[in-house]
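[1] quick one: sequence and predicted model below, then my questions.
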Amino acid sequence: MPLDKLPDWLPVWCLDHLGRKPASVLFWSQQVSMVLGLRLAGGRDVVVKARADDGRAASCIAAQARLAERGFPCARPLTPVVGVGALAVHAEEYRPGGEVLHGDSPDVAIRCAEVFARLMAELADLTIAPPLPNPPWVRWDHTGSGVWPAIDLLDSRDQSVVPAHIAQTALLARERLLTAGLPCVLGHADFEAQNLRWQGRRVWAVHDWDSLAWQPEAALVGAASGSFASAGPPTLAPIESSEAFLATYQDVRGRMFTAVELEIAWAASVWMAAYNAREMALYGGNPAGGDTLRAQAAERLHRIDA
């Protein structure tokens, strides 16, 4: 992206909050958030993130800052969240390097679960306002009348392209999740391979702190156990790998889940996979996520007694 294509507000924002204007663009992406890697005049590299201001960002960035202060491998925020029109904007340090860990084997699941357990332990004693509403892919507790949370960009599309089994699977999983009766905690709700970087066997960076959520611990772990292998389009890990993830998480945290918690973990893995499969179908993406969900749904639903 050339400098003259940057949003009009960005150069002055950088000058006001970082002391320098952008000199060049290192990278940019636009998905749920706009993410810009910038080299400022003077040579400092930073990342600026902007997303629709739904009230979540301040809590997410506060948690990220606390973990960075403690030495957890994540980028350190450089500014608080600042409102720019309808956007919530902040800057953080640029933390390049590391590689994506590919694969969905139980061995990969174990490595990822160890990181997730450490992350959740670090978040457990933070006192931060819940980052609500939850990200839509873990928002099974929405108050709408249908299976899915209301998302205009998705709801305005042709729903007939979504295979019926996806909504039916999500409905059964959601019914179990809504009867959980478990306390909510703070946790990372987009724990995917594409959001982690590794240096050998050591995790170098965990990204996407905008995706913190306020859900039961077992549900957050379950969602991660299904999504950890997603290095591009969302995928659902094999059942034996989700089993390894759940077992390792409990071992590292030193607490075994109850029977109810295990059911909720499996239910969350199903609901998130169904949400992703629906989105991919609506956008005409790779149908592999839906096919994998179809192949695994019966066994995963059996484990929640649905």
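    Great, that's in hand.
[2] which helix runs longest in this protein?
    Secondary structure of the chain read by DSSP state H shows that its longest helix is helix 259-282.
[3] how about the helices in the stretch 101-250 of the chain?
    Ranges of helices within the stretch 101-250 of the chain are 106-124, 152-155, 164-177, 217-227, 239-253, based on DSSP state H, counting those that start in this stretch.
[4] and the angle for the last one with helix 106-124?
    Orientation of helix 239-253 against helix 106-124 (axes from the mean of the first three to the mean of the last three Cα atoms, to 10 degrees) gives an angle of 40 degrees.
[5] just the angle for helix 239-253 relative to helix 259-282, thanks.
    Using the same axes, to 10 degrees: helix 239-253 against helix 259-282 is 130 degrees.
[6] cool, and the third one?
    Angle, helix 164-177 to helix 259-282, by the same axes, to 10 degrees: 150 degrees.
[7] I'd like the distance between P183 and P133.
    18 Å (Cβ to Cβ, to the nearest Å). Quick note: C-beta positions are derived from backbone N, CA and C, even for glycine.
[8] what about the two, which has more around it?
    Set side by side, P183 and P133 give different neighbour counts by other Cβ atoms under 10 Å, the larger being at P133 (16 against 8).
[9] picking up where we left off before, I'd like to know which elements the helix or strand just after the longest helix of the chain is packed against.
    Read in the C-terminal direction, the helix or strand following helix 259-282 is helix 288-302, with elements assigned using DSSP states H and E. Helices and strands touching helix 288-302, as assessed by 3 or more Cβ pairs under 8 Å, 6 or more residues apart in numbering; DSSP states H and E, comprise helix 164-177, helix 239-253, helix 259-282.
[10] ok, which of those comes nearest T79?
    For the helices and strands packed on helix 288-302, distance to T79 was read as Cβ to Cβ. The smallest value, 30.9 Å, belongs to helix 259-282.
[11] between the closest one and helix 217-227, how many degrees?
    Per the same axes, to 10 degrees, the angle that helix 259-282 makes with helix 217-227 is 40 degrees.
[12] kindly export helix 259-282 (C-alpha atoms) in CSV.
    As requested, C-alpha coordinates have been extracted for helix 259-282 and formatted as CSV (Å, rounded to 0.1, in the frame of the first residue of the first chain):
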residue,chain,number,x,y,z
ALA,A,259,-18.0,-34.3,33.0
VAL,A,260,-20.1,-31.2,32.4
GLU,A,261,-17.0,-29.2,31.4
LEU,A,262,-15.9,-31.8,29.0
GLU,A,263,-19.3,-31.7,27.3
ILE,A,264,-19.1,-28.0,27.1
ALA,A,265,-15.7,-28.1,25.6
TRP,A,266,-16.8,-30.5,22.8
ALA,A,267,-20.0,-28.4,22.2
ALA,A,268,-17.9,-25.2,21.8
SER,A,269,-15.6,-27.0,19.3
VAL,A,270,-18.7,-27.9,17.2
TRP,A,271,-20.4,-24.5,17.4
MET,A,272,-17.3,-22.6,16.3
ALA,A,273,-16.7,-25.0,13.4
ALA,A,274,-20.3,-24.6,12.3
TYR,A,275,-20.1,-20.8,12.5
ASN,A,276,-16.9,-20.9,10.3
ALA,A,277,-18.4,-23.4,7.9
ARG,A,278,-21.5,-21.2,7.4
GLU,A,279,-19.4,-18.1,6.8
MET,A,280,-17.2,-20.0,4.2
ALA,A,281,-20.4,-21.2,2.4
LEU,A,282,-21.9,-17.7,2.3
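[13] sounds good, over and out.
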